[in-house]
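# pasting the sequence and the predicted model now:
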Amino acid sequence: MTTRPPRRRARALALIAAVGATALALATPVALADEIPLAPGHRLVDHYDGAPATARPVPGEAPPQHPYLAPNGRSGMHADAAGSGTHPYSGPLGRDPKADSEKIAALGGECATVTFDAAGRLVTVCGTFSGFLLKLLDPRTLGTLAEYQLPQRSSTVEAITRLDFEKIFKDTSGGAYFYLDDRDRVVLADSRQHVLRIAHRQKADGAWEFVVEDDWDLTSLVPHDCVSWTNLFPSGVCDPVTSVMPDWQGRIWWVTRLGRVGTVDPATGALRAVRLDGEEIQNSFSVAEDGVSIVSDHALYSFRADADGTPRVQWRQTYDRGTGTKPGSVNQGSGTTPDLFGRRGARYVAITDNADDRMNVLVYRRGTDVAEADRLVCKVPVFGAGASTTDNSLISWGDSLVVENNYGYENPTSLTFGRSVVGGVTRIDVRPDGSGCDTVWESDVRSPSTVPKLSTANGLLYFYEKRPHLLAIDAWYLTAVDFRTGARAWSRFTGTGPAYDNNWAPITIGPDGTAYVGVFNGIVSVRDGG
């Protein structure tokens, strides 16, 4: 069986279109997509197993649509403001699925967050050793329509000059967490501690381009003596901005690795910030009408902004952060972005802790009127003793949560020579009366580091899986799991070797039913045949 369909015809047509656009302004130029090369062994592994699934939509209501974000399902890494990890589109059902890829760079090139504009084009940020690239991609060919160079991160310079590449793999700053706003504009924080708002538009000749519409400089509030090629040995503090998200009033919130929480007023440019002393923030955060939920490596917070935009803590809840960083975690603390969920009027927020023996899923009641003794709904231990952690957000739908085990994953070298992680996926439901939580099912899926997703339109969970192999073949698969039962539905081979390792990037389901996965050398797509 071939790995993917021939693409000579598609490439020839793309080339003709590109030339025609340049010369005659009659078509949109599309740069040709180069496939990610396969490592040896791809002919010795199964390319498909299981059977096509039947779409069975899951009942329930999607999180409220945020007024300043693109529609749910295409606005950011976690799909919506609540961090639910759910998409309203039906992903592939496993009917003769086809895998494709685009290579972004010889080294690196991983496309992390993937969003979609109103026409279904991919808007993504891809990390390379020369800096992050903001890219507009064709959803079918994965060819590049437009590109904008973002500044190089200090961690990349450190990795090259000090030969410590671990710094890159555990750096969540520089634009990896961005969002698409209600006008299809990218909002991100770059490695200069600037928040940018960037639009994309089509020029008269048919070509596309990115245009920076707004640039807010945070350096008056954020220490920025960072490593660069002209500053290899800084003496001050460097505090990279980790993530940005808007609140329900349109303010742009931002957080930094060293615990700063701030806002930008887009109308006036006013900046405000507070500091969580001695705490780190390595993950993104979630937003609802009742506030902004942020987790540090010590505690879970709910924030609101004062009239002048200054962040104010509504409540704070500490958790068990353990005694150290586990293999499979970026730092000592929760690796999750908070999930905001709940049915029948309940308002819950869920994270995981970093308890030493077994990680726990924690569900809390939101709201400022909740007594401290009543805030915790449940604490559920997951996975095996001494081998449980996650550095990815939970999936939440209705009163259900899905968590995967990332224990043992550090970087793309962790799983070479046929190795894998212990793995595991668990679904937990909050009881209808809110009296606690119950484990619904457990699965042995080995998803080393992906941000998984649920298609509410077909009832399938999607994971990016790697299984151990006796012949030391490193084969990667998109695996679909039944949300109701935890049973495997099917798996489709995507590629072999470290270049196909997703290294913390999410799975994203597009409006056309394609599943996209950022991988170390670029991006992979899987769609049903026919």
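Looks like it arrived, so ask away.
# number of nearby residues for G384?
13 (other C-beta atoms under 10 Å). C-beta here means a position set from N, CA and C on the backbone, and glycine is covered the same way.
# cool, and V212?
13.
# quickly list what it is bridged to.
I198 (DSSP bridges).
# just G262 next, same as before
Note on G262: beta-bridge partners W254, A273, judged by DSSP bridges.
# quick check, it in contact with S220.
No: between G262 and S220 there is no contact under C-beta atoms under 8 Å: 10.6 Å.
# out of these two, which sits in the busier spot?
G262 (25 against 9).
# any idea how far the more buried one is from I252?
Applying C-beta to C-beta, to the nearest Å, the value for G262 to I252 is 9 Å.
# over to V363?
29 Å.
# more neighbours: which of the two?
Taking neighbours as other C-beta under 10 Å, V363 and I252 compare with V363 leading, 27 against 24.
# spit out the residues that contact G262 and S220 alike.
Common contact partners of G262 and S220 (C-beta atoms under 8 Å, 6 or more residues apart in numbering): L271.
# what bridges to the residue nearest to A105 when sequence neighbours are not counted?
Excluding its sequence neighbours, the residue lying closest to A105 (C-beta to C-beta, 6 or more residues apart in numbering) is T128, at 4.2 Å. For T128, the beta-bridge partners under DSSP bridges are G108, G131.
# show the contacting residues for T128.
104-105, 107-109.
# how close does it get to G510?
23 Å.
# then T310?
Distance from T310 to G510, by C-beta to C-beta: 39 Å.
# the more surrounded of these two?
G510 (23 against 15).
# thought the more buried one was touching P139?
Yes: with contact defined as C-beta under 8 Å, G510 reaches P139; the gap is 5.9 Å.
# any residues in contact with both of the two?
With C-beta under 8 Å, 6+ apart as the test, G510 and P139 both reach 116, 120, 122.
# with adjacent residues omitted, what lies nearest to the last one?
By that I understand L122. Nearest to L122 is L137, by C-beta to C-beta, 6+ apart, at 3.9 Å.
# got phi/psi on that neighbour?
Dihedral angles of L137 (phi, psi; degrees, to the nearest 10) stand at phi -120, psi 150.
# so how far is H66 from the residue positioned nearest the centre of the chain?
In the chain, the residue lying closest to the centroid (C-alpha atoms, centre = their mean) is M77, at 3.7 Å. Counting by C-beta to C-beta, the gap from M77 to H66 is 14 Å.
# quick check: chain neighbours aside, which residue is closest to M359?
S388 (4.3 Å).
# can you get me a residue count around the one you found?
26.
# again with the one 5 residues further on
Residues lying near S393 (other C-beta under 10 Å) number 28.
# let me see the contact set for it.
78, 83, 85, 283-284, 336-337, 339, 451.
# do that again at 7 Å, thanks
S393 makes contact with 78, 83, 85, 336-337, 339, 451, according to C-beta atoms under 7 Å, 6 or more residues apart in numbering.
# just T485 next, same as before
T485 neighbours (C-beta under 7 Å, 6+ apart): W441.
# mind checking the SS state of it?
Of the three states, T485 takes coil according to DSSP: H, G, I helix; E, B strand; the rest coil.
# from the chain's centroid, how far away is stretch 192-207?
Relative to its chain's centre, stretch 192-207 lies at 22 Å (C-alpha atoms, centre = their mean, to the nearest Å).
# got it, and stretch 355-363?
With C-alpha atoms, centre = their mean, you get 22 Å for stretch 355-363.
# same deal with stretch 426-444?
24 Å.
# report the buried residues of it.
By 16 or more other C-beta atoms under 10 Å, the buried positions in stretch 426-444 come out as 426-428, 430, 434, 437, 440-441, 443.
# ditto for stretch 237-250
Going by 16+ other C-beta under 10 Å, stretch 237-250 has these buried residues: 238-248.
# closest to F210 among these?
V244 (17.0 Å; C-beta to C-beta).
# can you list phi and psi of the closest one for me?
phi -140, psi 150.
# let me know the pLDDT of the residue nearest to it when sequence neighbours are not counted.
Nearest in space to V244, with sequence neighbours left out and distances taken as C-beta to C-beta, 6+ apart, is W254 at 4.8 Å. Note on W254: pLDDT of 98.
# and the helices in the chain, which stretches?
8-24, 154-162, 166-169 (DSSP state H).
# show me where the stretch 1-150 of the chain has strands.
48-50, 86-87, 98-103, 108-116, 122-128, 131-137, 144-149 (DSSP state E, counting those that start in this stretch).
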